[in-house]
Every structure is written in C-alpha cells, then in structure tokens.
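[1] how would this look folded up:
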Amino acid sequence: MTLEDLSNASQAVAAVAVVASLVILILQNHQANILARAEAMRRQIEGLQDISRILFEAPGIADLWQRGTSNFDGLPTDDRIRFISFVTYTCRIWEGLHRQHLRGQLDDDLWQAHAQMLRDVQAMEGHKRVWSFASMCFRWPSRSSSKQTQHRASR
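    Numbering: from 1, shown residues only. Sure thing, here's the model as predicted:
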C-alpha cells in the first residue's frame, strides 16, 4: 500500500467520521428540543396550577375572586387592587401559554383546552372590567396572534 492509498483511506475514514458526528449532533439537538418543549409545557402547567392553589390556600382570595368577578365596581379599593393584581397575574400565565403555542412549544390540544378556560374567565364581568384597562399591558391577544392561532389550528 502506497502513501497515497493510506492518505485516501484516512480521508475516507475522516469523511465518514464527520458525517457520523453530524448525525449525532442532529439527534442530540432534536432530543434537546423535545426536552425544552416538555419543560416549557411543565412550567406553564405549574403556573396554571398555582392559580388554583392560590384560590384554595390563600385566605380570602376565593371570596375576593367571587366578589370581583360578579361585582368589580362594588369592591372596596384595597380589594379592587388585589383583584386586579390576581387577574393580571393569571393573564400573564395565559399569555405565556399562548406565546409558547405560537412558537410550537405547546401542543395544540393543550392550548385549545386552556384557551377555552380563558374564554370562560374572560366572559365574567369583573374580568371584563379589568381587561378594559389592563389589556394594553399585554401583547396577547392581538389580531395577528389570533390569526396565527387560527392558522395553526387549521393545519
């Protein structure tokens, strides 16, 4: 075997090694994306669980929620501030879910379930009142994101 044959063989082995390492990197990247998506979904679900936990663990929040959703304007000022804070907190969680859905990091069926929950909450009078002045603080929902959501759902 000549020196040229050895050079050609080593170049072929090197080329195979480069291709194999690229395949391994692609697989690792794919696995990392799957893990990141699962972690993002887990964090958002924990946020939604926090809402429920607050309602049954924090003294007076369930009562405040009930009074605020049915008669926002009848709340004393300090309760109104607490209600607004709680509603905007919950909206931030849903906003995060929506943004993850638009990026493809949240399964469509999971997003649709939470979007229905949000629509039900948004129909409550107190939530409507808070949203009437707090919506400018959110990037969601906007017309463009609604169109993207509809486009995603139609696929």
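[2] for the longest helix belonging to the chain, the distance to its chain's centre please.
    Using DSSP state H, we find that the single longest helix of the chain is helix 3-57. Chain-centre distance of helix 3-57: 20 Å, with C-alpha atoms, centre = their mean, to the nearest Å.
[3] where does the prediction get shaky in this protein?
    Along the chain, the model assigns pLDDT under 70 to residues 140-155.
[4] geometric centre of it: which residue is closest?
    Centroid-nearest residue in the chain: Leu97, 2.2 Å away (criterion: C-alpha atoms, centre = their mean).
[5] give me the nearest residue to that one, chain neighbours excluded.
    Leaving out its chain neighbours, the residue that sits closest to Leu97 by C-beta to C-beta, 6 or more residues apart in numbering is Gln44, at 4.9 Å. All C-beta atoms are positioned from the backbone trio N, CA, C, and that covers glycine.
[6] correct me, but the residue nearest to the centre of the chain touches Asp107?
    No: between Leu97 and Asp107 there is no contact under C-beta atoms under 8 Å: 10.8 Å.
[7] which other helices and strands contact the longest helix of the chain?
    With contacts defined as 3 or more C-beta pairs under 8 Å, 6 or more residues apart in numbering; DSSP states H and E, helix 3-57 has these neighbours: helix 61-70, helix 77-102.
[8] and the longest one, how far out from the chain's middle?
    To tie it back to what came earlier, the one meant is helix 77-102. 13 Å.
[9] in that helix, what's buried?
    Buried positions in helix 77-102, judged by neighbour count with 16 or more other C-beta atoms under 10 Å: 79-80, 82-84, 86-87, 90-91, 93-102.
[10] try the shortest one
    Neighbour counts using 16+ other C-beta under 10 Å place Ile61, Leu64, Trp65, Arg67, Gly68, Thr69 of helix 61-70 among the buried residues.
[11] for stretch 104-115, same thing?
    Neighbour-count burial for stretch 104-115 flags Gln105, Leu106, Trp111, His114, Ala115 (criterion: 16+ other C-beta under 10 Å).
[12] going by distance to Asp5, which of those residues wins?
    Gln105 (51.4 Å; C-beta to C-beta).
[13] sorry, back to before: spit out the contact partners of the residue nearest to Leu97.
    By C-beta atoms under 8 Å, 6 or more residues apart in numbering, the contact list for Gln44 reads Ile93, Gly96, Leu97, Gln100, Leu106.
[14] want to throw these into JSON lines with distance to Ile26?
    Shown next, in JSON lines, are these (distance: C-beta to C-beta, whole Å):
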{"residue": "Ile93", "distance to Ile26": "34"}
{"residue": "Gly96", "distance to Ile26": "29"}
{"residue": "Leu97", "distance to Ile26": "29"}
{"residue": "Gln100", "distance to Ile26": "24"}
{"residue": "Leu106", "distance to Ile26": "24"}
